[in-house]
Structures are given as C-alpha cells and as structure tokens.
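Asks: Sequence and predicted structure, then a few things I'm wondering about:
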Number of protein chains: 2
Amino acid sequence: MVTLKQLAKELNVSISTVSKALNNSDEIGEETIKRVKELANLYNYKPNKVALSLKQNRTNTIGVIIPDILNHFLAKVLFGIEREAAQHGYNIMTCISNESLKKEKESLQLLANGSVDGFILCLSEETQIKNEIDHFKQTISQGLPIVMFDRVAHDVMCDKVIVDDFDATYRATKNLLNEGRKQLAFISNIYDLSVGKLRERGYQKAILENPELKPVVLNLTKEDNPQETIMAFMKHHKNIDAVIAADSASGVIAINAAVSFGLKVPRDISVVGFASQSVSYHSLPRLTTIRQHAKEIGANAAQMLIKRMQNLNAGHYDFKTKIVKTSLVENGSTL
Amino acid sequence: MVTLKQLAKELNVSISTVSKALNNSDEIGEETIKRVKELANLYNYKPNKVALSLKQNRTNTIGVIIPDILNHFLAKVLFGIEREAAQHGYNIMTCISNESLKKEKESLQLLANGSVDGFILCLSEETQIKNEIDHFKQTISQGLPIVMFDRVAHDVMCDKVIVDDFDATYRATKNLLNEGRKQLAFISNIYDLSVGKLRERGYQKAILENPELKPVVLNLTKEDNPQETIMAFMKHHKNIDAVIAADSASGVIAINAAVSFGLKVPRDISVVGFASQSVSYHSLPRLTTIRQHAKEIGANAAQMLIKRMQNLNAGHYDFKTKIVKTSLVENGSTL
DNA sequence: CTGAAAGCGCTAACAA
DNA sequence: TTGTTAGCGCTTTCAG
C-alpha cells in the first residue's frame, strides 16, 4: 500500500501538504491539489484505515455476535445489519457464539479492545439459561454501546429490538380457534430461549381463555429426530386439528406428517409456524407463516447503534426498546 | 480503555517498562513485573488492537465476501471460516455482495485499505456472468492474498477450494440409472453459476452415455414460484421416475410434489439433491442428499489463507486448488 | 534493570 | 500557500 510519505517524497512536498490536498483543504493551491491527486490516483492511494482509526479513536466497525449463523432467522438479521451498516459506511466484524456463554464472553472481550465501536448481539442459549449479564455491563461501562435483538437481557440497560412473540402467538392461536379448531397443539424446539417461552405463553393464554380446552405441548430436544418425534406425537394425539410451531422446521414437518397420515391440510388440520418465506415452500400446501421481518430487525438494530455511537455524550438513560411487529402470511395451511 | 501511558503514570515508571513487563521481558525485574501486572489486571488492561495493527502492519483480520448469506450452503461455509479463523486468533470482517459485481468490487476496495490481511471469497453471480476478474488481480498485486471457494475464477492465480460438482452429479445420476430409472430429470435454480453448469454437465454426461436416454432439464428463474413451476413440470413429464436437484430447495419440493400426485417415493420416483442435513427433514421421506461439507470447505479456505498470509515471502506461483469431495447420504428418497 | 526515542500512517494546530 | 510538529497506543532499539 502506497502511503502519504511516498507521495510526498515523489512530489517534493511535505506529508501534510499531501494530506490536506487530498482532503480538499482550501489551504492548498489549486495547482498543488491537482498534482497531488493525479499521483494519488495513479498509485491508487487509499488512506490506511488502521492509521485513521488510531488517530480518530473510532473504527467505523460494528461487532456482531450471534449464536448461530445456520439459523435462518439470525442469518437474515445479519443480512439486515450488514446492509444498513454498509449504507452508513460501517463494516461489521462477526463472531459466532455457538450458543455458548464462554465463546460469547471471549468474543466480546476480543472485540472490545479497540476493534469495534459498538455491538449488536443476540444472547446465546447458555447465557439465557444461566442468566449471566456481567460481561455486557462491563462492556457498556467501557464506553462501548450495545444493541440487543430478539433474545435480550432485560436487566441490561441498553437499546433493544424485539419481536412481539407473545402477541403474535396469541393472535395466531386465536385465529385457529376462530376457524373452529378445538385441539390445538404447540410444537417447539426452542423451549430454553426467552422467545420460545414467550411464544408458548401466548399460546397458553389463548387456549386457557376457553375453559373447555387444554394445552397440548411438544418440546423437542436437540437429540430428537424432529421428523420421527413429531410424527409419533401426532399419532399419539390423533384428534389434533391445529398446530402452532414455534420454530421454522416444525411447521413444515407437521404438514408433511399430516399429509403422510392421509389428512388433508387445511381441511382436517391447520398449521401455522414462525418461518421465512423460503421455508414455506418446503411443504404442500405452503406453510402459513408468522413472519418476523428479520431484515428489518437487523436494520433497526444497526440504526439504533449507529445513532448511539454518534451521540455517545448524550444521556445514557433513554434506552429504547423497539418492537418489530410480526405479520401473518396465509399461505395455504390454514383455512 | 486504559492505556500503557495511564498505567505508567500511576506506577511512576516509563511506558516502555510497562510494555516490557506485560510482555514478560527478561529485561524487567520480578518485582516490577508483578506490580505492573497487578495494576493492569485491576484496570482490565487490554492492548489496543488498532495500535498493534498499525505497528505490526498486520490486522489479524480476514475479509470474507460472499454473495448471499441466506444461502444455507454459504452460511455454513462462513461458519467454518469463522471457527477456523477464531482458532488461529483471526477475526473476520464480512461483506455481502448480494450477487452484485459492483458491491463485490466496492467491498474488496473498502477492505483492501488496511482493514484486512487477506480475503476469502465466493464470486457473485454477476461477476461470473460478466467474467470480470481485474479487481481480484489488482487486490492480489497489492499484496493481499485471496482464497476463492465454490464459485471461483479459474483465470485468477490464487488458492481455491472447490467441490467435485461434476463428478458428484455424474455419480449420483449413475446411481439412479443403476436403480433402473429411465426418465431422469435435472432441476436447477442456479443455471447461471459455474457450479450449476458443472452439475448439469455431470448429469448430461451420465445420461448421454446411454444412447436410449435423453436429458430432461428444468431451469428455474428467480421470478418463478418454485413449487408451481416444478409441479407443472412434473405433470407435463408424467413418466419421470427420478429427479436430480442442483439446489437444496428443488429436491424437497419435488418430493412433496410427487407425494401430492399420489406417487410413492422412492418406489415410483427417486429424488436426489444438493442439500444440507437440516433441509432433508423437510420432506417425507427425507431427501437423499449430496452433502458438500460446507464447514470443511470454509475451514480449508481459512487454513490456506492463514498459511499464505504467514508466508507472504514464499513463492507466489505454487497456488493450490483443494477439492473437497461430496458424499451421498441416502436418506430415503432413493432406492 | 529502566528509560528515552523512533516510528507505524495519518490529521491538525501552529509556524513560517 | 506550505511545512513543522505533536500525538493517537504500541513495540523495540539503543542508551543509561
């Protein structure tokens, strides 16, 4: 990489003249600016980002820590973050915590050494189970702002972007009840997560409002073969006429299972799931989905963080929690 | 962030003493080292990464440019890269080209200003169509090594990690022929990509080895509703008894379509697709998949890049192309 | 055993 | 209009 020094030498001017010329300072004469710029172009000069960062005490980089990049929702949020960040001239450094508290802490530490100006993150499963939040507080007290999304720690004072999980599931369940469904099952493979619990509670609430109904819940573990377990569950509960899936795979699997039992979807059984558009194509009929607008979540998180990073002096107590509302997309697996 | 300067002041020693003490230099006395380390711990001192980078002219950061993070295969590669990089003490900066040549160029430029020590990337669709490679060559000539994976530019001299697309599809097709299948269709939504072409050629070769067979190919465009298009295709070609899918969605959709037509899978029709384990659960029976070992691809790419970055002086002509072999996982949609 | 000083590439206040 | 200098945080050579 060519440096100011080299340009200066070749032009027989001082380094600062070159610097000023390239920054269009009006201290520098027309002619000089032209000469400098020509040479800079010739050599494809680009200011060294690291030196700039050191000087300005600002990296223009956002640290993103997500628990699992293979989770389609999280990948989509990352996409939203990256796009928004790029539009504002920020880069992102991504770490994957792999649902591990230890890795999450390490990543936070690692990037908090000057590599980034702030964080966007989603708590790891282990962090949520153990409810550890000291590492976040420490990072914030170091002056690095954090924005949490989806799985958030309510006890940490920071900006947050969340989904209306409780309401969305409540409404989806109510919808199914309005279709005339009587035996509604809830299937989830994210029991341990805050969002999983919220979704289950939304379902429970809708069910328990009808005294004659009782909840039927299947929680899948990591070890389960989801297909076999869901099929066994549905065989055991033959009278189920609706399924609410808390995750993206279970809904599709439930539809395929129902079809394999000779049921007609949605005539005999309705299915709704938290899923993306692309996954909905994996069943016939297509899964009716609760869309979480993941990209928007990511974009919102990035916006909030960038705003905060540019206003570090501002009051530290006006933290906001943005709720991105889900929407129900009726794709054919409901009446 | 606390700096060496602050520690030095508080300890009444010089900055360089503190620095040496923290690095366990044997120039410094036991006692001093202890004092320094204690205070550093107390203040949770971490060396400023940016300053280190400037000094050492090395960022320990890898730039990753991928066309689409919502593509499960690419996300998985990214996962593999991140893990391998983290193990070697490298961070990753991720840019998403969105299949656009312009964004790819911009990202490359942006990170080539000192932000990263090298690149791992997968060409955007537009780059492959237009076959533009100057930006890669320029980056390499600036001294930044590149490792390409999956969709690579053969005319660029650099390390590469690819999949045996041609062979894998050829073998998979042969397998289906050995099952006794006679009407084998090839479905793809990645016609424009190098890997899509390779896969189709593998299929074509296997088919054309049998004079009595002729290829039947469906290429989906972005605008198509994959479900409707595949169903229409299968209705039109009623005699199809096997499907090879070049992408992960088409295989699952084909199975579901076949089931909806009342066919038994795999009795009446076999289906094979390039897909991941998790997607294979989205059909009943589960999709028999050609697994690409995406994480391994990522890990290999990271290893190759790290090696190259640590040996920049070494000969620049011994570039390697690593082929990561696919494997066929028979999940139930084939005989 | 400890400290002073130079330098990585850049910007900006101040001098000329 | 241009140049000199200091400094961002750190390492390292060389002096003390």
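Replies: Right, received. Where do you want to start?

Asks: any idea how far the residue lying closest to residue A:151 once chain neighbours are set aside lies from DNA strand C?
Replies: Distances taken as C-beta to C-beta, 6 or more residues apart in numbering or on different chains put residue A:123 closest to residue A:151, at 4.3 Å, once the chain neighbours are dropped. Placement of C-beta: from N, CA and C, glycine included. Distance, residue A:123 to DNA strand C, by C-beta to the nearest atom of the strand, to the nearest Å: 36 Å.

Asks: Same question for residue A:123, what's its three-state structure.
Replies: Following DSSP: H, G, I helix; E, B strand; the rest coil, residue A:123 is assigned to coil.

Asks: Name all residues that make contact with it.
Replies: A:67, A:104, A:148, A:151, A:152, A:153, A:194 (C-beta atoms under 8 Å, 6 or more residues apart in numbering or on different chains).

Asks: Next, count neighbours for residue A:182.
Replies: 13 (other C-beta atoms under 10 Å in any protein chain shown).

Asks: same check, this time on residue A:260
Replies: Neighbour count of residue A:260, defined by other C-beta under 10 Å: 14.

Asks: nearest residue to it other than its sequence neighbours?
Replies: Closest to residue A:260 by C-beta to C-beta, 6+ apart is residue B:284, at 4.9 Å.

Asks: Just the pLDDT for the one you found.
Replies: In the prediction, the pLDDT value recorded for residue B:284 is 93.

Asks: so how far is residue A:226 from it?
Replies: Plainly put, residue B:284 is 12 Å away from residue A:226 if you go by C-beta to C-beta, to the nearest Å.

Asks: For the stretch 1-150 of chain A, which residues are neighbours of chain B?
Replies: Residues of the stretch 1-150 of chain A lying near chain B by C-beta under 8 Å from any C-beta of the partner chain: A:1, A:44, A:46-51, A:53-54, A:59, A:61, A:69-70, A:72, A:75-76, A:78-79, A:82-83, A:86, A:91-96, A:109-115, A:138, A:142-143.

Asks: Filter the residues you listed down to the buried ones, ChimeraX style.
Replies: Only the buried entries of these go into this ChimeraX selection, using 16 or more other C-beta atoms under 10 Å in any protein chain shown:
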select /A:1,47,48,49,50,51,53,54,59,61,69,70,72,75,76,78,79,82,83,86,91,92,93,94,95,96,110,111,112,113,114,115
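
Asks: restrict the residues of the stretch 1-150 of chain A next to chain B to those near DNA strand D?
Replies: A:51, A:54 (C-beta under 7 Å from any atom of the strand).

Asks: so what are the domain limits for chain A?
Replies: Residue ranges for the domains of chain A, per automatic domain parsing: A:4-47, A:60-162+A:295-324, A:165-291.

Asks: could those domains go into CSV alongside distance to residue B:185?
Replies: Shown next, in CSV, are those (distance: least, C-beta to C-beta, whole Å):
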stretch, distance to residue B:185
domain A:4-47, 49
domain A:60-162+A:295-324, 28
domain A:165-291, 18
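
Asks: number of nearby residues for the residue nearest to residue A:331 when sequence neighbours are not counted?
Replies: The shortest distance from residue A:331 to any non-neighbouring residue, by C-beta to C-beta, 6+ apart, is to residue A:286 (3.8 Å). Residues near residue A:286, counting by other C-beta under 10 Å, number 22.
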